[in-house]
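Trainee: Fold the stuff below for me.
(chains A, B, C and D)
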There are 2 protein chains.
Amino acid sequence: MSEIIAPSRSAATLHDVAREAGVSLATASRVLNGSTRKVAESYRERVEAAAEKLGYTANLSAQATARGTSAIVALLVADIADPYFGQLASGVARGADEAGLVVTIAITERDAQRETRLVRALRGQRPRGLILAASRTDGPDSVGLDAELTAFSAGGGQIVSLGPDGPGRAVSVDNVGGATALGAQLAALGYTRAVIVAAGVGIRTSDDRVAGFTAGFTGAGGEIQEVVRGGFTRDAGYDTARALLERGLEPGTLVFGISDVVAIGIMSAVRDAGLRVGSDIAVAGFDDIATGRDIRPGLTTVRVPLEDLGYRALHAAVDAEWAPDPQPLPLEVIVRGSTPPRS
Amino acid sequence: MSEIIAPSRSAATLHDVAREAGVSLATASRVLNGSTRKVAESYRERVEAAAEKLGYTANLSAQATARGTSAIVALLVADIADPYFGQLASGVARGADEAGLVVTIAITERDAQRETRLVRALRGQRPRGLILAASRTDGPDSVGLDAELTAFSAGGGQIVSLGPDGPGRAVSVDNVGGATALGAQLAALGYTRAVIVAAGVGIRTSDDRVAGFTAGFTGAGGEIQEVVRGGFTRDAGYDTARALLERGLEPGTLVFGISDVVAIGIMSAVRDAGLRVGSDIAVAGFDDIATGRDIRPGLTTVRVPLEDLGYRALHAAVDAEWAPDPQPLPLEVIVRGSTPPRS
DNA sequence: ACGCGGGAGGTAAGCGTTTCCTGACGCCGG
DNA sequence: CCGGCGTCAGGAAACGCTTACCTCCCGCGT
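Mentor: Take a look at the predicted model:
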């Protein structure tokens, strides 16, 4: 009675299932891939048994062409090895899984041309949504990108940007407010001089954090001595801080790194210069990545709910009815040992 | 002369391009989506101009159904926020980009049922390859998974496992050798007692590292006092170490965490217990994730070329001709401050 | 001048699904 | 007993693309 199951070179198709169950393609489709129409119980069982037997899984590509819409969400990040993006991606993936979607990921390496190329490639998948988490600058290279994004929207795709002024829907965080609170709180701890290690001018996240911190810190009586430019990486933080230290940094100075990753680089540079983080040079960051908990002294920072942010971004990308958050997510300052009170 | 371009609700199709260029579908296809056949220069130009004008990008889903093969590689990881998987994913993404492929990612959260479900979902995309980086155990839950994987292979997909004995092609690292060298080197530094914080029995990576470390350490005269079981996370390391410390751990003991992430948790537990990492309790890890450089004391570990590993995995997944590495990648012991010499 | 070969464009048959539409069937009311 | 209607399976036409095959035309050899 048992048949030889040919070790076929290709997966079972709906056609196979229908034949096996002795029903039409249409019926099999209705049973297996959600339809509003009813199918008699006896047919349903036959089809399900056949599908099970053959290990059938719908071919999403074919489904996508037939339906005209895919079950894909694309995510563009600068660097997936960076914990910031890792946590973000984690939230996106969780949301996608809940919604029965698949996420496709691409890495820009913070290169605008690459980003353009990647958007073009992703566009080929006709994803339902595209989440842009790679903090872009609006340099001259962005024109090609804009064209791609426009084309994507025109094709019915939903764009979501992290940050307040990117294309499409925005999911953002109150960088200005958080940084202001951080600046104020550190000034209250007795710090009077600060240096900021930021990313390039024009990068909104960086600009907002610089502006907020400056406002909060000077508002409470502190003085920003300098804003130096690096990037969003650990090495940028390290190198920038090293240069700073070589030029001489007065003990008791606070160095604010635009993100935790940068701040961690700064801490290492401080130590490599033979100084102590906290008592000699204080360091603060932004994001509250997991590592900040485990380094010593603990890194003073502003907690950004990254996972949650990713989750929201996913929903912004796929929910038909969506309303921008009435206000950006509020953030919470976390003071740890890297900024001990100055008496 | 200029036409009104309707802000169409859907992206331009090849059909549109062909019409715009005044050629047949076949010609347009040949020009735009690689074909061995030649097309006259004049036609080629017309088609390219039309494609450019309409912002055409091939619909990969349609292409996939027509060609019977997709340009997708699927990656399954336990937790993308974990730097181990982050770095791995980074390498996979780089390789995919070079090969003109798109990577789809899914997160198992170390849950076998979830993993099965995800493989099934990914299978729907008919990816060229599936990279399994979620360290699986071969528990009773794995039977559903095996069925899915078999079906995937039967459909012509290539499976790649990280580690020596998973299904499909294997890309692995000399965990045993690396751990042996680590154990030996630490014994040589004067350590005589060690406790190992491992993951569950049956997880190959964990078992190999335990076995290797034990061999190296005892071979050089040390004694493994205990092997305790946690998991692969920072919190597992922290909790396990805390329990250990509450039961009392003799100063000078070395605690080997099965991975850097675990070891970092252990370091935090040690500190929270009021002890000093290094002088009181020495800690060693495995993997050499980026963070290990930046914590103090630096974490003694074994360097695993994770990015490279991901890159290799990608190639194992898509290259037709592929040979297993004659031997697993050799690893390098890196001694840092968390294991100071014992005099 | 004719036949033939080869190069290149077009036609159309798929690929695996969905979905509109047709039609068979059974049930009810008249 | 018959017509009308509701229900539900099935046939077949899409979806956007690739590609085997056909056809036409040009140039060459004899």
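Trainee: all contacts plus neighbour counts: C-alpha atoms, from now on.
Mentor: OK.
Trainee: Around DNA strand C, pick out the residues from the stretch 1-150 of chain A.
Mentor: Taking C-alpha under 7 Å from any atom of the strand as the measure of proximity, the stretch 1-150 of chain A contacts DNA strand C at A:10, A:12-15, A:25-27, A:29-30, A:32-33, A:35, A:57-59, A:62-63, A:65-67.
Trainee: buried subset of these?
Mentor: A:10, A:12-14, A:27, A:29-30, A:32, A:57-59, A:62-63, A:65 (16 or more other C-alpha atoms under 10 Å in any protein chain shown).
Trainee: can you list these in TSV and add distance to chain B and pLDDT?
Mentor: As requested, those are arranged in TSV below (distance: C-alpha to the nearest C-alpha, whole Å; pLDDT from 0 to 100):
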residue	distance to chain B	pLDDT
A:S10	4	78
A:A12	8	91
A:T13	10	94
A:L14	12	95
A:T27	20	94
A:S29	15	94
A:R30	17	93
A:L32	13	92
A:T57	6	94
A:A58	6	95
A:N59	5	96
A:A62	6	96
A:Q63	9	95
A:T65	6	95
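Trainee: Which of those residues fall within helices?
Mentor: A:L14, A:T27, A:S29, A:R30, A:L32, A:A62, A:Q63, A:T65 (DSSP state H).
Trainee: check contacts around the last one.
Mentor: Okay, so that is A:T65. By C-alpha atoms under 8 Å, 6 or more residues apart in numbering or on different chains, A:T65 lies in contact with B:S61, B:A62.
Trainee: try 6 Å this time
Mentor: Contacts for A:T65 were tallied using C-alpha atoms under 6 Å, 6 or more residues apart in numbering or on different chains; they are B:A62.
Trainee: which residues does the residue in the stretch 1-150 of chain A that DNA strand D sits nearest to contact?
Mentor: Across the stretch 1-150 of chain A, the shortest distance to DNA strand D (C-alpha to the nearest atom of the strand) belongs to A:A66, at 3.0 Å. By C-alpha under 6 Å, 6+ apart, no residues touch A:A66.
Trainee: A:L60 versus that one, what's the distance?
Mentor: In this view, A:A66 and A:L60 are 10 Å apart by C-alpha to C-alpha, to the nearest Å.
Trainee: swap in A:S24?
Mentor: In terms of C-alpha to C-alpha, A:S24 sits 20 Å off from A:L60.
Trainee: If you count surrounding residues, which of those two has more?
Mentor: Set side by side, A:S24 and A:L60 show more neighbours around A:L60, with 22 against 15, by other C-alpha atoms under 10 Å in any protein chain shown.
Trainee: Sketch out the low-pLDDT regions of the stretch 101-250 of chain A for me.
Mentor: The stretch 101-250 of chain A contains residues with pLDDT under 70 at A:135-141.
Trainee: Now do the strands in it.
Mentor: Secondary structure of the stretch 101-250 of chain A by DSSP state E, counting those that start in this stretch: the strands cover A:102-107, A:129-132, A:158-162, A:169-171, A:193-198, A:223-229.
Trainee: from the ones you listed, which stretch is densest packed?
Mentor: Ranked by mean neighbour count, the strands of the stretch 101-250 of chain A are led by strand A:129-132 with a mean of 28 (mean count of other C-alpha atoms under 10 Å in any protein chain shown).
Trainee: Starting from it, tell me which strands it pairs with and how they run.
Mentor: Strand A:129-132 sits in its sheet next to strand A:72-77 (parallel), strand A:158-162 (parallel), going by DSSP bridges.
Trainee: Turn these into JSON lines, including distance to A:A316.
Mentor: Output for those, formatted as JSON lines (distance: least, C-alpha to C-alpha, whole Å):
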{"stretch": "strand A:72-77", "distance to A:A316": "11"}
{"stretch": "strand A:158-162", "distance to A:A316": "7"}
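Trainee: Could you pick out the residues of chain A near chain B for me?
Mentor: Residues of chain A lying close to chain B (C-alpha under 6 Å from any C-alpha of the partner chain) are A:9-11, A:57-62, A:65, A:80-81, A:86-87, A:90, A:103-105, A:124-125, A:155-156, A:268, A:294-295.
Trainee: Which parts of chain A are helices?
Mentor: Under DSSP H, chain A gives helices at A:14-21, A:25-32, A:41-54, A:60-67, A:83-98, A:112-123, A:142-154, A:175-188, A:204-219, A:234-246, A:260-272, A:291-294, A:306-318.
Trainee: Just the CA trace of the last one, in CSV.
Mentor: To tie it back to what came earlier, the one meant is helix A:306-318. The C-alpha coordinates for helix A:306-318 follow below in CSV (Å, rounded to 0.1, in the frame of the first residue of the first chain):
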residue,chain,number,x,y,z
LEU,A,306,15.7,49.8,22.0
GLU,A,307,13.9,46.5,21.8
ASP,A,308,10.6,48.3,22.2
LEU,A,309,11.6,50.8,19.6
GLY,A,310,12.2,48.0,17.1
TYR,A,311,8.9,46.5,17.9
ARG,A,312,7.2,49.8,17.3
ALA,A,313,9.0,50.3,14.1
LEU,A,314,7.8,46.9,12.9
HIS,A,315,4.2,47.9,13.7
ALA,A,316,4.6,51.2,12.1
ALA,A,317,5.7,49.4,9.0
VAL,A,318,2.9,46.9,8.7
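Trainee: buried sites along it?
Mentor: Of all the residues in helix A:306-318, those buried under the rule 16+ other C-alpha under 10 Å are A:306-318.
Trainee: Distance to DNA strand D added to the strands of the stretch 101-250 of chain A, as JSON lines?
Mentor: Conversion of the strands of the stretch 101-250 of chain A to JSON lines gives the following (distance: least, C-alpha to the nearest atom of the strand, whole Å):
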{"stretch": "strand A:102-107", "distance to DNA strand D": "19"}
{"stretch": "strand A:129-132", "distance to DNA strand D": "17"}
{"stretch": "strand A:158-162", "distance to DNA strand D": "18"}
{"stretch": "strand A:169-171", "distance to DNA strand D": "25"}
{"stretch": "strand A:193-198", "distance to DNA strand D": "43"}
{"stretch": "strand A:223-229", "distance to DNA strand D": "44"}
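Trainee: which one of these lies closest to B:D207?
Mentor: Between B:D207 and the strands of the stretch 101-250 of chain A, the tightest spacing by C-alpha to C-alpha is seen for strand A:102-107, at 31.9 Å.
Trainee: Report the angle between that closest one and helix B:83-98.
Mentor: Interaxial angle of strand A:102-107 relative to helix B:83-98 (axes from the mean of the first three to the mean of the last three C-alpha atoms, to 10 degrees): 80 degrees.
Trainee: circling back to that earlier point, make a markdown table out of the helices of chain A and add distance to A:Q225.
Mentor: Formatted as a markdown table, the helices of chain A follow (distance: least, C-alpha to C-alpha, whole Å):
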| stretch | distance to A:Q225 |
| --- | --- |
| helix A:14-21 | 68 |
| helix A:25-32 | 66 |
| helix A:41-54 | 69 |
| helix A:60-67 | 56 |
| helix A:83-98 | 28 |
| helix A:112-123 | 32 |
| helix A:142-154 | 32 |
| helix A:175-188 | 14 |
| helix A:204-219 | 10 |
| helix A:234-246 | 12 |
| helix A:260-272 | 17 |
| helix A:291-294 | 25 |
| helix A:306-318 | 30 |
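Trainee: and A:R110, what does it touch?
Mentor: By C-alpha under 6 Å, 6+ apart, the contact list for A:R110 reads A:A78.
Trainee: Go again with 7 Å.
Mentor: A:A78, A:A134 (C-alpha atoms under 7 Å, 6 or more residues apart in numbering or on different chains).
Trainee: Would you mind measuring from it to DNA strand C?
Mentor: To DNA strand C, A:R110 is 36 Å away according to C-alpha to the nearest atom of the strand, to the nearest Å.
Trainee: burial measure for the nearest residue to A:T116 once chain neighbours are set aside, as a count.
Mentor: Leaving aside its sequence neighbours, A:T116 sits nearest to A:L145 (C-alpha to C-alpha, 6 or more residues apart in numbering or on different chains; 4.7 Å). Neighbour count of A:L145, defined by other C-alpha under 10 Å: 19.
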